[in-house]
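> give me a model of this one.
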Amino acid sequence: MALLSGGQAAVEALKAEKIDFVFGLIGSATMEMFDALYDAKDIKLIGVHDERTGTHMADGYARASGKTGVVLAGQNGPGTTNLVTGLAQAKAAYTPLVSIGGALSSEHLYRDAFQEVDQQALFTPITKKTWTATSSERVPEMMREAFRVANAPRKGPVQLNLPRNVLSGQ
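Numbering: from 1, shown residues only. Below you'll find the model as predicted:
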């Protein structure tokens, strides 16, 4: 069996959760995941022009369908900060939503890198739980946990930050 990249493992986890739609904006920080989504014929990517729109669409989809909404922010920093309003609304409405955001590669953290934002601190008050993956091997486990927490009573949004080195690693 071939080793999967972190991006491929994340998409396989979406398939295991029977996710039909992912709302998101393509960006360089999550390119490995978008590449895997392109090959996943059973998951439809609904592209948006802004992450805020994607978050609200995932929230509305979850409310209308009774399923878990999934949003993917393509860029760390400013891309993920655009998720804030939609996640806060989803938390207020108890909407099960899994938000996946690109994050800086681990070696660039806390070095004032381009578009660096402390995403863990940013999302903690507006989600049920926020994680940052530390290795590609942990991506499947963290994805399962994200869906479990989002759908546990009281339902609500969760945030999973996937650093670039985790998405590209095997």
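
> excluding covalently adjacent residues, which one is nearest to residue 169?
residue 136 (3.8 Å; C-beta to C-beta, 6 or more residues apart in numbering). For glycine as for every other residue, the C-beta is placed from the backbone atoms N, C-alpha and C.

> any low-confidence regions in the protein?
1-2, 104-111, 113-116, 170 (pLDDT under 70).

> what about the strands in it?
Counting by DSSP state E, the chain has strands at residues 21-25, 44-47, 69-73, 97-103, 129-132, 157-163.

> the ones you listed: which one's closest to residue 140?
strand 157-163 (11.6 Å; C-beta to C-beta).

> burial of residue 43, as a residue count?
When neighbours are counted by other C-beta atoms under 10 Å, residue 43 registers 18.

> is it possible to export the strands of the chain to JSON lines including mean neighbour count and distance to residue 141?
Listed next are these as JSON lines, based on neighbours: other C-beta atoms under 10 Å; distance: least, C-beta to C-beta, whole Å:
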{"stretch": "strand 21-25", "mean neighbour count": "23", "distance to residue 141": "20"}
{"stretch": "strand 44-47", "mean neighbour count": "14", "distance to residue 141": "24"}
{"stretch": "strand 69-73", "mean neighbour count": "29", "distance to residue 141": "17"}
{"stretch": "strand 97-103", "mean neighbour count": "29", "distance to residue 141": "14"}
{"stretch": "strand 129-132", "mean neighbour count": "20", "distance to residue 141": "10"}
{"stretch": "strand 157-163", "mean neighbour count": "28", "distance to residue 141": "11"}
